[in-house]
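**Q** Provided below are the primary sequence and the corresponding predicted coordinates.
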Amino acid sequence: MQKISKRNSNSPFTGKELNSVCPDKKKKEKKDNFVEILPPEITFKIFSQLDIQSLCRAATTCKSWNQTIKNCDYLWKHHCLTVRAICQKEIDGDRGNGYSWRVTLLRNYWKSKVKHEWLSGRYSNICSPISLPEKNMCPMDADTWGEILEAELER
């Protein structure tokens, strides 16, 4: 015996007719999607020109872009090495623990931003904890706070 769902039995189209509409739509989508048209080397070259925020936004564009960006560790390495200038211990630790460049960057990006602002003296004249911007703070270890305090003492 064949089971037929109520949803399918009420449809004016058969499964074959529905499937024949989808390939045309997929062809158009493929034609408009350079990731699926160009060779991977060219695609990676294009994505490698993006800054971190643009790369993350591009990854949310569609599934094929997401997979391409997510699976290409090369795209994240340059950005991660830039963050390493501020968070060397953290980056080296994550890489030593086997994290990919992408995961390492995602784990340390905001910390590097906050640490850079502290080290550059942005928060040197804060009168109270209320004056600190809450959205720009993140947990930091004792060594990081030691670096920040040393920088403050040198100012």
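**A** Arrived safely. Numbers count the residues shown, from 1 in each chain.

**Q** chain center to the helix or strand containing Thr82: distance?
**A** Per DSSP states H and E: Thr82 is located in helix 73-84. Helix 73-84 sits 11 Å away from the centroid of its parent chain (CA atoms, centre = their mean, to the nearest Å).

**Q** Quick check: what element follows that helix along the chain?
**A** Once the chain leaves helix 73-84, the next helix or strand it forms, by DSSP H and E, is helix 88-96.

**Q** Buried residues in that next one, which are they?
**A** Applying a neighbour-count criterion of 16 or more other CB atoms under 10 Å, one finds 90-91, 94 buried in helix 88-96. Using the backbone N, CA and C atoms, a C-beta is placed for each residue, glycine as well.

**Q** Show me what the following helix or strand past that helix is packed up against.
**A** Downstream of helix 88-96, the first helix or strand assigned by DSSP H and E is helix 101-119. Identification of packing neighbours for helix 101-119 by 3 or more CB pairs under 8 Å, 6 or more residues apart in numbering; DSSP states H and E yields helix 73-84, helix 88-96, helix 142-154.

**Q** Which parts of the helix or strand encompassing Gln53 count as buried, going by neighbours?
**A** Element membership of Gln53, judged by DSSP H and E, is helix 52-59. Neighbour-count burial for helix 52-59, counted by 16+ other CB under 10 Å, picks out 52, 55, 58-59.

**Q** With adjacent residues omitted, what lies nearest to Ser48?
**A** Of all residues not flanking Ser48 in the chain, Leu75 sits nearest, at 5.8 Å (CB to CB, 6 or more residues apart in numbering).

**Q** Touching, the one you found and Ala59? I think so.
**A** No. Using CB atoms under 8 Å, Leu75 is not in contact with Ala59; the gap is 9.5 Å.

**Q** wait, Arg95 sits on Leu105?
**A** No. Arg95 is beyond contact range of Leu105, at 10.6 Å (criterion: CB under 8 Å).

**Q** where in this structure is pLDDT low?
**A** Along the chain, segments meeting pLDDT under 70 span 1-31, 135-136.
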